[in-house]
Structure formats: structure tokens, C-alpha cells
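Chemist: Predicted model and sequence follow; I will ask about them next.
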There are 2 protein chains.
Amino acid sequence: MSQNLNTPKGTRDFYSLELVKRNYLLKVLKQTFNSFNFEEIQTPSFENLSVLTGNYGEDEDSLMFKILSSGEKLRKADLDSLKDNNLSKFANSLSDKALRYDLTVPLSRFIRQNLNKINLPFRRFQTQLVWRADRPQKGRFREFLQCDIDIIGENNIMNEVECIKLYDSVLTRLNFPKVFIRVNNREILDGISKIMKLDSLDVIGPSLDKSDKIGIDGVINELKLKGVSDESLKILKSFLEINGSNHDKISLFKKEFLKNKLSIESIERIEFFLDLIDKFDLNCLDPKFDISLARGLGYYTGLIVEVSSPENINIGSIGGGGRYDNLVQGNDPNLSGFGISFGFDRLYTILEDLNLFPNKFNSSKTFLFLNFGIDIIPNIIDHVNKLRENNIACEIYPSDKKIKKQLDYANQKGIDYVVIIGKEELESNKFKIKDMAKGEEIVFEDLNNIFKEINSLN
Amino acid sequence: MSQNLNTPKGTRDFYSLELVKRNYLLKVLKQTFNSFNFEEIQTPSFENLSVLTGNYGEDEDSLMFKILSSGEKLRKADLDSLKDNNLSKFANSLSDKALRYDLTVPLSRFIRQNLNKINLPFRRFQTQLVWRADRPQKGRFREFLQCDIDIIGENNIMNEVECIKLYDSVLTRLNFPKVFIRVNNREILDGISKIMKLDSLDVIGPSLDKSDKIGIDGVINELKLKGVSDESLKILKSFLEINGSNHDKISLFKKEFLKNKLSIESIERIEFFLDLIDKFDLNCLDPKFDISLARGLGYYTGLIVEVSSPENINIGSIGGGGRYDNLVQGNDPNLSGFGISFGFDRLYTILEDLNLFPNKFNSSKTFLFLNFGIDIIPNIIDHVNKLRENNIACEIYPSDKKIKKQLDYANQKGIDYVVIIGKEELESNKFKIKDMAKGEEIVFEDLNNIFKEINSLN
């Protein structure tokens, strides 16, 4: 057993100002979700493996944190698989549950399980942790908060538009600069794959997803190594190099698809979407039709989107999503879904980098009552109780250590005011509240005035 | 692999009114913690096994959910242990991390790791999930929310008092009836064990902890089966049968301890605590010195407490805690801790049973804009946007289904008002807002008045 006494690799503690800022960001997200009348749900941290596996793709499945079976179940260990070097089969014999990998697959399980209680279309939001056994690196963690909204119901473009407008509203509330939202349709990639004479879009998908990092040439080289023919790659390259406005690109792709006797429905859907979203007054988002967008997860079937970081901030996308027709229940067109995810940590990083967090988070001041001995405490208890009942944050220093020590504590903790009620003060009936930032003292008479005095400072 | 497509055993989904109520309860807890100037922290969901094991007790260690190692690490599987039927050793060869079992051990790791950044005494609160592989039963889950406060610093009775007063404040805010808080000191149990001529309190502790379920005779019988001598059991029985006021009991125990030449410091500490807490104006809590309280977890060393359920509600304690001198760092008296935990689910159950939840949780009303076709939408977008910017929750029905269907959706979702803006309304410049509960319609002229109209309903 490792003797590592720190947080596990890729995980973090949160406290102090960082946590205050995270809570602020989460509050903005939740308030916006509520304003769009999305309903919150929470699901368990782990799900049965049978629910999770087979939805994301093979690579992703291997990145799930599996829960080790306990007790007698361990006897089911499939030692033959271990001998045969089939580590993944060995692992599956020791586990029947895994930590959530995303929030979409648990949602689809939730819907199936609660179908008779759910009102369709179902607009839900969920802000919970997910876990991925990825190699940790700057900005990539093994435990992170995901914030998702999804609409389950018929496949209606209005749902896409509502979700995109929600992205826009969140970014607007956070005072974000303008960013691109890349838009594509998986069915267009299917069409391109057909024109390239490939079996499925799974050949080009993973490489396309890296295009913002490795460029068009990188994609082409990678696919060449995978054995895609030069002829096919020439077609792909010509498609990837198409530039111009969204509508120019749409016209060109329509022409190409028609030339190849393919349906242009998938392109018309993008066109319709772009026209409609245009009427929703986007403030921060600039939609960009981009066929190099593929989106990794296996369950997407239709329109896909991804929001880029602001210019000059190179931390990848800050969120993405898409339509999944078959995830909840393949044969039911009323259970098609569209959903998007907010990358909480990346939003946080950008707010930090662009100095977009508010200067002040909490208008409520904090108070420390100095401790002049246990016999003095009964004189102040009632007042402390009353302040707390009114949500004025205060504490009593636990022991009658030297006053300097107590003031040091107040300073280090960032306490706003220190309240001085000692024997001397009780005798003279004059009391002091010290403003720790300014160093000034407020003097007042009669202990019964303390609530009024402190309340006026809050 | 199990083909179970539901939530895993002992776990739950939360949504709708239940989640609204849980969020309310959590908000009350957090507000109260803040009013006592406790600082929030969050720790990772899993910790290294080396951090977790050896703190709780052997039984508890076996109830941790371990994370299965992945990839090459699986080759470390200790097959000899499996052959030798040492399943626990086999499990440890396959895992080096486990899900949080409580919030106290992660706190002690947090303190050690961040000692140079922390201001002592450190008052922290934490409201996060914990996981235990217990057999699920009514009211006992494998994933549940724990709400803890702890004060790490010198061993000072003021910290115990602050935490107990916080219990009291939370219960008062929740309109709880009066409940007992049982109080004991592990050192008193040590003394009793010595009088009984036992090696340690670990002999009697686990049985004592069941005393509220099995009674004094049950405890005695269980210990008899464990091989404790009749003579020792006679002593224990006479102690357990002592009745009377707290101070009567304290006097009697002092006498017994002195008679047996034991230090009475542990009893004086309880006495001092009860005197001091008395001055803190407890509202809901009635402290009761009770030597049958032992508290299971291995790390407690001093004063221990447990809050009972209200009379006639038999779901066990709603929280408990104690002092742990050696958990954070054995040799440092400045890192002694005292902490308490709130049993969130049990609090919830009691609020439900005693009808203590507020009638109304959210003052904000919800609005549904009926959909009369995609060409009408652009007329209402600006208004919907403005409402949302002002946190008025509204949505547009995604398709122009029959109005009856749309109204059914509104009814089932509990939408407060439906907004009617169709072609006809736009032509006549007269619009309607329908109160879904009363069935009444509000009619207004000029679409530009819509914000004013809706805002006045909110």
C-alpha cells in the first residue's frame, strides 16, 4: 500500500478564497439554469457497470474508476483472464460498479427508471462531480465538477436553441468576452465519410477532434498512418479547407452532397438552426459551422456544439454537447435528448485570468469576541446568540491567551472587527469594537447597544 | 456483470420536491455554520488507503468502498492471499484508494497537508457525501450526505461548548422539539474498564453502543458471552443502573472513582462542561450525562456526545461527535480536535414526520410561453430574455403541439402561469396570462407591458 499522505493524484482540496469563488460561479450557473426553468436532479456517485459501459467508446470505458467488489464477491476473480493478460476482463470480474464518468449516461438511466413519473419534455440540470482516470496534467483533473443541462423529449431544434441561449446567458452573466461556438452535425460527418468511401465516421472522428491542436495537416497525416487512402484524404482535405461565412459553407456542402447523391437534410438542419439561433439575440456566442468538430463521446447522433475559450487563452473548449437519439431508449423518438455541459474548472480559470470575478463576494462582515477569561463569557453569550440568529458571523476566541495572540488570529483569518469586552469594560460600561483593516476603534456605552452597533457595521 | 439498470443498492436519485426540501435543509445548516464563523472546505471523494485505514476500527475499515486499481497495477494482485482466504489482503493488493468513509479523517489529512497555510484554531465545516458498504436498510444508505463541523486547536472546553451550541442553533432554526444530548467521556469509560479489571474500553465499548436498542440486560448478556467475568459485569451493571440528575450522577461517580484510587479529572471535565453549556442558553438540547454512550469510531479520546431523536421517533441519533487528541498529529497538543456531525437524512426524516418543512420554498413563480408556431417565436424572444435576466423562471414549449397537450405539460410540471401570445393576440394587441391554479386569465394590452405584468405576479 502506498504511504502517500496527500490528496490522491489529480484531486484537490478546496478552501478559503478559491472555494468562495467556486461557490460564486456555481451560484451563477444554477441561477441561470433556474431562470430557464430547468429542474435539478442528483444521481448517485456510482452506477452499475452495466449502465455505464458501452456508451462512451472503448478508450473512455477504460478510464472509469471501478469500485472493487467486497467480501465473498472477490472470489469471482477471473484468474484465467489475468493469466491471459486480459486485464480489462480481469478488472470486470472484480467490479460491478464504477464512479460516474459523465452526467449524461446517468441521466438516461434516471429517465428509464422514472419514466412514469417524468413529464416530457424533461428539462433537467445537474451539477455534480465526475471522475476520470486520465493522466492528470495542467487543468485536467481526475475529479471535477460538471454542470449539465439536457432536454429529453422529441427531437426538436427549439431544444438545441434553448440550450445554446443558456450558454450565452451564463457567459453574459459572467461578463465573458465574445467566443466562438463551433457547430456541426454528426450526420454531415457520416456523409463526408461516405464520400471518402469509409465504413463509418469512427475512422475520421478521433483525428478530427484534435484538429484545433494539430491542424489540418496533422489530421491528414494521422489518418494516412491509419491507412486511409490518398484519394479519400484529398477529399477530406478539400472539405476541411473550405472557408467563408456559415452560409457560404452551407451552400458549398449542399452542392457537394447533392453531387454525391447524398441527402442534404443534415446540412439543412444546421442551416435552420443557425437561422433560428440568430433570432435569439446571442450576446457572447458567435456560431461557426465547422466540419472539423467531431466530439469524442460515442452517443452523439445529430447536431453537436463546442464553445471555444476566449482569444489568447489556450485551454481548449469550455463546454460542449450534442443530440443523442438512442441513448435513453433507442426505439422511442419521444426520448431523444439534447444536452450541453459546462467545464467548471475551465470557466474558473478564465474568470481568474481575465480578472472577471467580483471584488467582493460576501457583504456580511465577521466579528471576533476577544476572550478575557471564562467568567466574562456569560456576560456576552446572549449578545453572541442574537448576532448569530441574525446571520451575523461571529465567534469567541476559545481561550484567554495573550491578547496579541488573539489579535494575530483575527488578522490572519481576515476577521473584520474585534469586539473588546473585558472586566475593565464591564466596570466602566464602555465597550470597544476595533476595525481591523483601519485600526480604528468604535467606543459605545451600555452592552445592550451592542447589537445595534454591530448590525450597523454589517 | 450484473444487468441491473437501476440505481445501485443503497443509493438514491433526488429530484423534484424531495430535492427542493433537501436543498432547504442544507441551506439552513450552512447558514448556521456561517453565522458561527466556520469556514467551508471540500476534500476529494477518495483518499489514499494509507490515509483512511487504521483510524476507524477493523469492522469500519472493511466497510470502505475501495477503488480498483487499473491497467498494469492489476498485476500486483496477491493471488496467494486469495488462495489463503485472506480476502481483505487480496483486496488491498488491488486497490490503493477508497471513497471517503467520514469527513473527520479527510480533515485530519487536510490539516497535516496544509499546516503552514492554516490559522489555528481552525474552525471548518464540510457538507459532502460519504460512502459505506453497510447492508442497506430503512433509513440506512450506502451513499449519504454528512454535515460536519470541527475545531482543531488546543484541547479547550470552549470548543466543545461552541459545537454543542451550534447543534442547538440548527435545531432551533428547524423548529425542532426538545431532544436529549447524551454526554460522556471516553476516559470515564477507561476508568470503569479499569474498575472492572479489563484491559481496555474496547471490550465494553461496542456493547454499550447498543444499549439504547438492547437495554442494560442485553449489554450484560452480550458481554457475558464475550467472556467478561460475573464480578466485572456486576460492577458495570451497578454503574449503568445509576439514575438521577446529572449532578447526582457526577457526585456518585466521583466517589466511586476516588474509592478505586482513579483520577476524577475526566468526571470533573464533564461537570465543567455541563456548567458552562448551561450558561449558553440551550433552547432545544437537554444535556444528559450517560455512561452508556461509547461512540463507535476508534479515534475519539475525550468528551463524546450524541443527539437523540425527538420522543416517539425511533430512528436513532441525529448526530454525534467527540474529541480526538491524536488523529491529526499524535504528538502535537495544538492539533487536538473536537467535532460533530449532523445526520442529514435523519434530520430530513424528522422534519418530514413532524411536518416541520415550510409550506412554500421558493417565492419565484414559473411561466410557460405556449408555442403557436416557429414564426411567432421571434416576437416573444426579447421578452423571454428579459424575464430570465431578472431570474424569473420561464420556458417556451418546444413545438407547436395541440394547445391541450401544452397545457397538460404545464399542469403536470406545476407551472404557475401560462402566457398566451398567438397570431390572433398579436393582431389584436391583446395578450393573456393564465393562472393555472385558479384557472383565471389576466388580459393586458401591448406586448411591451409584458415584463411589468409578469413581474407583478412574481
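Modeler: Structure's in. What do you need? Numbers count the residues shown, from 1 in each chain, chains lettered A, B, ... in the order given.

Chemist: by contact count, what packs against the longest helix seen in chain A?
Modeler: Scanning chain A for the longest helix, with DSSP state H as the assignment, gives helix A:16-35. Helices and strands touching helix A:16-35, by 3 or more C-beta pairs under 8 Å, 6 or more residues apart in numbering or on different chains; DSSP states H and E, are strand A:122-131, strand A:143-153, helix A:157-173, helix A:344-353, strand B:39-42, helix B:377-389, strand B:393-396. In this view, the C-beta of every residue, glycine as well, is placed from N, C-alpha and C.

Chemist: tell me the mean pLDDT over the second one?
Modeler: Regarding strand A:143-153, the rounded mean pLDDT is 97.

Chemist: could you give the angle of it to helix A:16-35?
Modeler: Angular relation of strand A:143-153 and helix A:16-35 on a 0 to 180 degree scale: 0 degrees, by axes from the mean of the first three to the mean of the last three C-alpha atoms, to 10 degrees.

Chemist: What is strand A:143-153 packed up against?
Modeler: Using 3+ C-beta pairs under 8 Å, 6+ apart as the contact test, the elements touching strand A:143-153 are helix A:16-35, helix A:104-113, strand A:122-131, helix A:157-173, strand A:336-343, helix A:344-353.

Chemist: partner strands of it, parallel or antiparallel?
Modeler: strand A:122-131 (antiparallel), strand A:336-343 (antiparallel) (DSSP bridges).

Chemist: From the chain's centroid, how far away is that strand?
Modeler: Relative to the centre of its chain, strand A:143-153 is centred 8 Å away, using C-alpha atoms, centre = their mean, to the nearest Å.

Chemist: In contact with the residue nearest to the spatial centre of chain A, which residues are there?
Modeler: Nearest to the mean C-alpha position of chain A, by C-alpha atoms, centre = their mean, lies A:Q146 at 3.0 Å. Counting by C-beta atoms under 8 Å, 6 or more residues apart in numbering or on different chains, A:Q146 touches A:D102, A:L103, A:Q126, A:T127, A:Q128, A:L129, A:V130, A:S341, A:F342, A:G343, A:F344.

Chemist: would JSON lines of those residues with neighbour count and pLDDT be doable?
Modeler: Output for these, formatted as JSON lines (neighbours: other C-beta atoms under 10 Å in any protein chain shown; pLDDT from 0 to 100):
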{"residue": "A:D102", "neighbour count": "20", "pLDDT": "94"}
{"residue": "A:L103", "neighbour count": "24", "pLDDT": "97"}
{"residue": "A:Q126", "neighbour count": "24", "pLDDT": "98"}
{"residue": "A:T127", "neighbour count": "18", "pLDDT": "98"}
{"residue": "A:Q128", "neighbour count": "17", "pLDDT": "98"}
{"residue": "A:L129", "neighbour count": "18", "pLDDT": "98"}
{"residue": "A:V130", "neighbour count": "19", "pLDDT": "97"}
{"residue": "A:S341", "neighbour count": "22", "pLDDT": "96"}
{"residue": "A:F342", "neighbour count": "27", "pLDDT": "97"}
{"residue": "A:G343", "neighbour count": "22", "pLDDT": "94"}
{"residue": "A:F344", "neighbour count": "20", "pLDDT": "97"}
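
Chemist: Out of the residues you listed, which comes closest to A:K210?
Modeler: The nearest member of the contacts of A:Q146 to A:K210, counting by C-beta to C-beta, is A:G343 at 17.5 Å.

Chemist: Go ahead and confirm the closest one touches A:S308.
Modeler: No: using C-beta atoms under 8 Å, A:G343 makes no contact with A:S308, being 11.4 Å away.

Chemist: Name the residues contacting each of those two.
Modeler: The contact sets of A:G343 and A:S308 overlap at A:S317, A:I318 (C-beta under 8 Å, 6+ apart).

Chemist: So is stretch A:74-85 next to chain B?
Modeler: Yes: applying C-beta under 8 Å from any C-beta of the partner chain, one finds stretch A:74-85 touching chain B at A:L74, A:R75, A:A77, A:L79, A:L82.

Chemist: how many other residues sit next to the second one?
Modeler: Applying other C-beta atoms under 10 Å in any protein chain shown, we find 12 other residues in the vicinity of A:R75.

Chemist: Which residues of the stretch 201-350 of chain A lie near chain B?
Modeler: For the stretch 201-350 of chain A, the contact set with chain B under C-beta under 8 Å from any C-beta comprises A:L276, A:K279, A:F280, A:D281.

Chemist: I'd say the first one and A:I157 touch.
Modeler: Yes: with contact defined as C-beta under 8 Å, A:L276 and A:I157 form a contacting pair (6.4 Å).

Chemist: quick one, which of the two is more surrounded?
Modeler: A:I157 (21 against 18).

Chemist: Give me the nearest residue to that one, chain neighbours excluded.
Modeler: A:F273 (5.5 Å; C-beta to C-beta, 6 or more residues apart in numbering or on different chains).

Chemist: In this structure the one you found contacts A:C163, no?
Modeler: No: in this structure A:F273 lies outside contact range of A:C163 using C-beta under 8 Å: 11.1 Å.

Chemist: quick one: buried residues of the worst-scoring helix or strand of chain A on mean pLDDT?
Modeler: When each helix and strand of chain A is scored by mean pLDDT, DSSP states H and E, helix A:58-61 comes last, with a mean of 82. Across helix A:58-61, burial judged by 16 or more other C-beta atoms under 10 Å in any protein chain shown covers A:E60, A:D61.

Chemist: is that helix anywhere near chain B?
Modeler: No: judged by C-beta under 8 Å from any C-beta, helix A:58-61 stays clear of chain B, getting no closer than 11.1 Å.

Chemist: which stretches of the stretch 201-350 of chain A form strands?
Modeler: In the stretch 201-350 of chain A, the strands defined using DSSP state E, counting those that start in this stretch lie at A:285-289, A:303-307, A:319-324, A:336-343.

Chemist: And A:G330, what's its pLDDT?
Modeler: 81.

Chemist: measure it to B:L129 for me?
Modeler: Counting by C-beta to C-beta, to the nearest Å, the gap from A:G330 to B:L129 is 32 Å.

Chemist: Does A:D134 fall in a helix, a strand, or a coil region?
Modeler: Judged by DSSP: H, G, I helix; E, B strand; the rest coil, the three-state class of A:D134 is coil.

Chemist: so how many other residues sit close to it?
Modeler: A:D134: 12 surrounding residues under other C-beta under 10 Å.

Chemist: if I pick A:G302, what's in contact with it?
Modeler: By C-beta under 8 Å, 6+ apart, A:G302 lies in contact with A:N155, A:N185, A:R186, A:E187, A:S266, A:R269, A:G322, A:R323, A:Y324, A:D325, A:F338.

Chemist: nearest residue to the first one other than its sequence neighbours?
Modeler: Put plainly, it is A:N155. Here the residue nearest A:N155, using C-beta to C-beta, 6+ apart, is A:S336, at 4.0 Å.

Chemist: Alongside chain B, which residues does the stretch 351-458 of chain A contribute?
Modeler: A:364, A:366-368, A:371, A:374, A:377-378, A:381-382, A:385, A:387-396, A:398-399, A:409, A:412-413.

Chemist: follow-up on the earlier one: out of the strands paired with strand A:143-153, flag the one nearest B:L297.
Modeler: Closest among those, using C-beta to C-beta: strand A:122-131, at 25.2 Å.

Chemist: Need the contact partners of the closest one.
Modeler: For strand A:122-131, the external contacting residues (C-beta under 8 Å, 6+ apart) are A:26, A:29-30, A:33, A:36-43, A:45, A:64-65, A:99-103, A:107, A:111, A:142-153, A:344, B:15, B:45, B:395.
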